[in-house]
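**Q** Next comes the sequence, and after it the predicted model I'd like to discuss.
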Amino acid sequence: CGCPALMFGDDVWNQNAQDEAVQLAELLGAPVFGSRQTSANFPTHHPLSCGGYPVEKEFSDVTGLQPDLLFMVGCRGLHGSAEEPTVMQIGPNPTLMGRHYPLDLAAQCNLKDTLPVLCETISSMYGTDTIELWRNQRAKVSTYAKLLLEREEAVVREHADDDVIHPSLLEAQMATLLPKDSIIIGENPTARTTLLPFGHQQMWRFGGGGGSLGWAVGGATGAKIGIGDERPVVLSIGDGSLTYSAAGFWSMARYKTPVLTIVSNNESYQVVRINWAREMPDSQMVQEGKYPGLFLGGPSIDYAGLARSQGVDGERVTDPSELEAALKRGIDCILKENRPYLLDVVVAREGLGHESEWHQGWQM
């Protein structure tokens, strides 16, 4: 049967309407999907949080529900086009509405004021029997949301005894050890984050929404200066992203900003490799496993040494059995010693084309 799919964008965060967003989703018992957002505008561990958009076929297989309306609230837009037959969008900025997809309804409004009125109107228009049906629908949606978490936990168990740190193990350790009021600045496109509780009344998360790299080291420094002692700040960054802003640790040291930097070091621009393999599977580089410019090893970069050269202490972590203790040292450094710290965590590559370490072998 049909159901609405909800999407809450960055203007929900900007207008402090997270509680109101949760109220609307719970009233409708509707699944919530994310797209093109820099912050976690809806709690990622809420039982109605169903991952990213577009809606996976598995959602309908598990729940028996087929979204027939996409309701976008305070969103910047979509990656790609909308798949639902009806699309509505509301928010404060009309220039962000219907940019490359047609809308059946668009309304400019203040979300903090509008969402409660919308909930009241919906409740008055529909009787208790209909609202009870929505509650039953919520149980089906929650089953799917729970499945996503359980699947990620299974990946952690699968790789618990690997010789190399698997990204899921790093994700699980961060979810367990990082303070629950942390601000996570994320510039790590291939990082696993399902187990991390982001959103209102959970960890805050801010990432790049435009596809560009190189902002997060400075962004984390600025976030810590801005938030002060109220919340700890953690920078989660890939090694490919870090090379765009490798001199930024000097500012952390100069301004004594206690940021914990966690580098997911897979010696690769893995997100580019994945995109090539997905979008051009028949290309020569994909068929031969030769991706020019994407392997960042040979020689390896010492990111802990890079940080130390700019005044920030750090360490390299290669053994899964050493990861927990290293994370605890980093957390203690920023919380108890009020100093920045970097963990260069060597992780396994995963995803399409991950096995390739080919690189041009020419020399001058």
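**A** Good, I have the coordinates.

**Q** what residue ranges in this structure are flagged as low confidence?
**A** Within the chain, the stretches falling below the threshold (pLDDT under 70) are 1, 209-211.

**Q** for it, which residue is closest to the average position?
**A** Thr193 (5.9 Å; Cα atoms, centre = their mean).

**Q** Could you pull out the strands in the protein for me?
**A** Under the criterion DSSP state E, the chain carries strands at the ranges 2-8, 32-34, 49-52, 66-73, 86-91, 105-108, 183-187, 204-207, 233-238, 259-265, 313-317, 341-346.

**Q** follow-up on the earlier one: the residue nearest to the centre of the chain contacts Ala172, doesn't it?
**A** No: the pair Thr193 and Ala172 does not pass the contact test of Cβ atoms under 8 Å, sitting 11.1 Å apart. To be clear about C-beta, it is placed using only N, CA and C from the backbone, and glycine gets the same treatment.

**Q** Mind naming the longest helix for this protein?
**A** In the chain, with assignment by DSSP state H, the single longest helix is helix 128-158.

**Q** Any buried residues in that helix, and which?
**A** Judged by neighbour count (16 or more other Cβ atoms under 10 Å), helix 128-158 contains these buried residues: 134, 137-138, 140-142, 144-145, 148, 152, 155-156.

**Q** Go through those and say which is closest to Asp282.
**A** Asp282 has its nearest neighbour among the buried residues of helix 128-158 in Val155, at 29.2 Å by Cβ to Cβ.

**Q** Quickly note the distance from the closest one to Asp61.
**A** With distances defined as Cβ to Cβ, to the nearest Å, the gap from Val155 to Asp61 amounts to 20 Å.

**Q** Could you export the strands of the chain to CSV, including columns for distance to Trp358 and mean neighbour count?
**A** Rendered in CSV, the data for those read as follows (distance: least, Cβ to Cβ, whole Å; neighbours: other Cβ atoms under 10 Å):
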stretch, distance to Trp358, mean neighbour count
strand 2-8, 39, 22
strand 32-34, 34, 23
strand 49-52, 30, 20
strand 66-73, 41, 22
strand 86-91, 43, 21
strand 105-108, 48, 13
strand 183-187, 26, 24
strand 204-207, 30, 22
strand 233-238, 20, 26
strand 259-265, 19, 26
strand 313-317, 25, 20
strand 341-346, 20, 24
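
**Q** Of the ones you listed, give the one that comes closest to Phe198.
**A** With respect to Phe198, and counting by Cβ to Cβ, the nearest of those is strand 204-207 at 4.2 Å.

**Q** Nearest to Ser251 among the strands of the chain would be which one?
**A** Put simply, out of the strands of the chain the one that sits nearest Ser251 is strand 259-265, at 10.1 Å, with distance taken as Cβ to Cβ.

**Q** So for Asn275, which of the strands of the chain sits nearest?
**A** Comparing the strands of the chain against Asn275 with Cβ to Cβ, the closest turns out to be strand 233-238 (14.0 Å).

**Q** For that closest one, what is the distance to the chain centroid?
**A** Mean C-alpha position of strand 233-238 versus that of the full chain (Cα atoms, centre = their mean, to the nearest Å) differs by 12 Å.

**Q** Present the strands of the chain as a markdown table; the columns should include distance to Ala326.
**A** What follows is the strands of the chain, written out as a markdown table (distance: least, Cβ to Cβ, whole Å):
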| stretch | distance to Ala326 |
| --- | --- |
| strand 2-8 | 35 |
| strand 32-34 | 30 |
| strand 49-52 | 30 |
| strand 66-73 | 40 |
| strand 86-91 | 42 |
| strand 105-108 | 49 |
| strand 183-187 | 18 |
| strand 204-207 | 22 |
| strand 233-238 | 14 |
| strand 259-265 | 10 |
| strand 313-317 | 5 |
| strand 341-346 | 6 |
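
**Q** So for Thr128, which of those strands sits nearest?
**A** strand 2-8 (18.7 Å).

**Q** can you give me the helices for this structure?
**A** Secondary structure of the chain (DSSP H): helices located at 10-14, 18-28, 57-63, 111-125, 128-158, 167-177, 216-227, 239-242, 249-254, 270-279, 284-288, 303-308, 323-335.

**Q** Please identify the most buried of those.
**A** Mean neighbour count, computed with mean count of other Cβ atoms under 10 Å, is highest for helix 239-242 among the helices of the chain, reaching a mean of 25.

**Q** Output that helix as CSV, nothing but the C-alphas.
**A** In CSV, the C-alpha atoms belonging to helix 239-242 read as follows (Å, rounded to 0.1, in the frame of the first residue of the first chain):
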residue,chain,number,x,y,z
ASP,A,239,43.2,10.4,3.8
GLY,A,240,42.2,11.6,0.4
SER,A,241,40.2,14.5,1.8
LEU,A,242,43.0,15.4,4.2
